[in-house]
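>>> pasted the sequence and its predicted model underneath.
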Amino acid sequence: MKSILENRPALAKEVNKVAEVAGYLWQKGWAERNGGNITINITDLIDDEIRQLAPISEVKQIGATLPYLKGCYFFCKGTNKRMRDLARWPMEHGSVIRILDDCASYVIIADNAVQPTSELPSHLSVHNDLIRKGSPYKASLHTHPIELIAMSHNPEFLKKDILTNLLWSMIPETKAFCPRGLGIIPYKLPGSVELADATLKELNEYDVVMWEKHGVFAIGPDVMEAFDMVDTLSKSAQIYINSRNMGFEPKGMSDEQMKELTLVFHLPK
Ligand code: 2HA
Ligand code: ZN
């Protein structure tokens, strides 16, 4: 069977980025079994021929009405699929969906009838809100980074911006490359409407949010940049934990050093 990616280098490039990141997530130990999800808004890369493609699934309900997604296309990791498999065979473990004109349902159009992620309603709600805000962001990523999740088991770290400031102070790059910090969402059932709503709200202020005792949800212009922000925060978490393992509380960069960095790098806060 001909893949939708054939002779479409721009589309293939985005899907290949997903595959590359899926491999990193597995290698880092952040993607046990089917853990984590990725969805990419690929609407800008869709041509007339794709628009004409017949559905390969029945019409499926999203579970929400998302007015900004009318006629949009997404590449989605499949439900119950493994990141390590997505890394090698993205079109066998993920699929392309088309949102229908009622903004409440979708069909799968390529390559295989792989049912999209269980977190589809929350991912699509986030994409809907990004379009509403005029954001250029196309990627949303959910993963289970070990050290960041471990830190979320300490109630002290769940107060607003405590963890953000701690992680920023471990190494200058973290504030420079994750300048909006890490939002915190108190524990909620995976896949629940409550979790989706809280995520949507917190993403107004942050590009990466922590789901307490579960994982992180990140958005970015593309999946590589969303991954880089989580990776940078995770690096800081590892430096913190390594210091504690050596028996001391890391000092962190001073307020003066943070101020200087913020000024010179023109950071927002
Ligand atoms: O898709 O990580 O939170 C598997 C998950 C759900
Ligand atoms: Zn998860």
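Perfect, I can see it now. Ligands and ions are numbered 1, 2, ... in the order given.

>>> mind listing the helices for the stretch 101-250 of the chain?
For the stretch 101-250 of the chain, the helices defined by DSSP state H, counting those that start in this stretch occupy 120-132, 146-151, 162-168, 172-177, 193-202, 223-245.

>>> how many neighbours does the closest residue to ligand 1 within the stretch 51-200 of the chain have?
As assessed by C-beta to the nearest ligand atom, ligand 1 sits closest to residue 190 within the stretch 51-200 of the chain, at 4.2 Å. Any C-beta I mention is one placed from the backbone N, CA and C, and that applies to glycine too. Residues contacting residue 190 under the criterion other C-beta atoms under 10 Å number 13.

>>> what are the buried residues along stretch 56-66?
The neighbour-count check on stretch 56-66 (16 or more other C-beta atoms under 10 Å) flags 57, 60, 62, 64, 66 as buried.

>>> ok, which of the helices of the stretch 101-250 of the chain comes nearest residue 267?
Judged by C-beta to C-beta, the one of the helices of the stretch 101-250 of the chain that comes nearest to residue 267 is helix 172-177, at 6.1 Å.

>>> what separates the closest one from the chain centre, distance-wise?
The gap between the average C-alpha position of helix 172-177 and the chain average comes to 19 Å, counting by C-alpha atoms, centre = their mean, to the nearest Å.

>>> now swap in stretch 6-21 and tell me
Chain-centre distance of stretch 6-21: 17 Å, with C-alpha atoms, centre = their mean.

>>> other residues contacting it?
With contacts defined as C-beta atoms under 8 Å, 6 or more residues apart in numbering, stretch 6-21 is touched by 4-5, 38, 40, 42, 45-47, 75, 77, 86-88, 90-91, 94, 138, 141, 222-224, 227.

>>> what subset of those residues is buried?
Counted by 16+ other C-beta under 10 Å, those give 4-5, 38, 40, 42, 45-46, 75, 77, 86-87, 90-91, 94, 138, 141, 222-224, 227 as buried.

>>> follow-up on the earlier one: out of the helices of the stretch 101-250 of the chain, flag the one nearest residue 183.
Closest of the helices of the stretch 101-250 of the chain to residue 183 is helix 193-202, at 3.9 Å (criterion: C-beta to C-beta).

>>> now do the buried residues in that closest one.
For helix 193-202, burial by neighbour count (16+ other C-beta under 10 Å) applies to 195, 196, 198, 199, 200, 202.

>>> nearest to residue 157 among those?
Using C-beta to C-beta, the buried residues of helix 193-202 come closest to residue 157 at residue 202, 15.5 Å.

>>> show the contacting residues for that closest one.
The contact partners of residue 202, taken as C-beta under 8 Å, 6+ apart, are 183, 184, 185, 209.

>>> out of those residues, which sit inside strands?
183, 184, 185, 209 (DSSP state E).

>>> redo those as TSV? Include neighbour count, distance to residue 268 and pLDDT.
Below are the ones in strands among the contacts of residue 202 laid out as TSV (neighbours: other C-beta atoms under 10 Å; distance: C-beta to C-beta, whole Å; pLDDT from 0 to 100):
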residue	neighbour count	distance to residue 268	pLDDT
183	24	14	98
184	21	18	98
185	22	21	98
209	23	17	98
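
>>> ok, and does the strand or helix carrying residue 84 reach over to ligand 1?
Element membership of residue 84 [criterion: DSSP states H and E] is helix 83-88. No: using C-beta under 6 Å from any ligand atom, helix 83-88 never reaches ligand 1; the gap is at least 9.5 Å.
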